[in-house]
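J.: sequence? don't have it. structure:
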């Protein structure tokens with residue numbers, strides 16, 4: 001998303017459009033409601049990240065880390081050793097969004113342009129452009145399908161070749177719809193999902209849309225709090241390295257990418 005004017009509750013779009021709360025705690029479970037597993041993201045190591053990168057997508061592809069950035073959109077190959085990308089393709093006046101890999105190709109969403117870019121080869125070359133309806137926020141690859149978020153409480157499943165819609169689920173936390181679902185990562189049997197302007201990351205069951213876990217990533221936002229000034233510099237970007245299982249998180253305009261571990265909260 002480009003320019004927010006309000007902070008919104010984590011689990012619903014309601015009359016809170018009129019308020020601007022500094023934090024958005026997850027509500028207590030009601031009687032008989034399933035309680036999601038709670039985890040906390042602890043920083044293992046920090047790596048440099050370009051502060052001009054308005055991070056909208058982060059994913060490992062063919063053993064390398066790639067990033068999609070918004071505003072004047074780009075596709076970037078990152079190195080954990082330097083803030084500047086080792087390779088970058090500029091997209092001009094296109095607001096790029098979520099990024100996914102099927103192991104052979106990269107798929108890159110756009111926000112309102114209705115364009116899906118498919119990239120192949122190394123370095124990536126644009127193989128095709130596919131039109132679709134609706135907004136693009138987050139994207140990940142799960143069991144042969146691309147999973148798209150659009151800022152609502154719905155995740156939409158698409159076949160990769162023509163981006164035809166083949167299904168959807170409503171994301172619900174304790175029976176309530178979760179709005180503002182942003183960047184996605186499909187791994188470990190769940191969909192990790194950033195929530196716009198929240199330091200919580202959700203673990204979503206892709207088959208049902210049920211939120212089965214909540215990750216508190218506020219250690220990361222606190223770590224960069226004195227180094228970012230924009231209201232837009234929010235947590236966004238999750239990538240899990242195949243083979244090692246290492247988890248990386250970052251944010252829009254952040255000076256760091258963090259390797260994290262997820263500790264269970266007892």
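T.: Received the coordinates, thanks. Everything numeric in this text was worked out from a predicted model, so none of it was measured.

J.: where in the stretch 101-250 of the chain is pLDDT low?
T.: Residues of the stretch 101-250 of the chain meeting the criterion pLDDT under 70: none.

J.: in it, which spans are helices?
T.: 218-224 (DSSP state H, counting those that start in this stretch).

J.: Next, the buried residues of stretch 196-211.
T.: Buried residues in stretch 196-211, counted by 16 or more other Cβ atoms under 10 Å: 196-204, 206, 209-211. (Each C-beta comes from the backbone N, C-alpha and C, glycine too.)

J.: do the same with stretch 211-221
T.: By 16+ other Cβ under 10 Å, the buried positions in stretch 211-221 come out as 211, 212, 213, 214, 215, 216, 217, 218, 220, 221.

J.: Which of these sits closest to residue 83?
T.: Within the buried residues of stretch 211-221, the smallest distance to residue 83 is 16.9 Å, found for residue 220 (Cβ to Cβ).

J.: that older thread, nearest to residue 35, out of the buried residues of stretch 196-211: which one, please.
T.: residue 211 (10.4 Å).

J.: is it true that the closest one touches residue 203?
T.: Yes. Taking contacts as Cβ atoms under 8 Å, residue 211 lies within contact range of residue 203: 6.9 Å.

J.: Mind listing the shared neighbours of these two?
T.: Common contacts of residue 211 and residue 203 (Cβ atoms under 8 Å, 6 or more residues apart in numbering): residue 36.

J.: Tell me how many other residues crowd the closest residue to residue 124 other than its chain neighbours.
T.: Of all residues not flanking residue 124 in the chain, residue 106 sits nearest, at 5.7 Å (Cβ to Cβ, 6 or more residues apart in numbering). As a burial measure, residue 106 scores 25 neighbours (other Cβ atoms under 10 Å).

J.: Could you report the distance from residue 106 to residue 143?
T.: 18 Å (Cβ to Cβ, to the nearest Å).

J.: still on that earlier bit, my read: the residue nearest to residue 124 touches residue 62, true?
T.: No. Assessed by Cβ under 8 Å, residue 106 is found out of contact with residue 62, at 9.2 Å.

J.: So what sits opposite the nearest residue to residue 167 once chain neighbours are set aside in the bridge?
T.: Nearest residue to residue 167, sequence neighbours excluded (Cβ to Cβ, 6+ apart): residue 157, at 4.2 Å. Listed by DSSP bridges, the beta-bridge partners for residue 157 are residue 147, residue 167.
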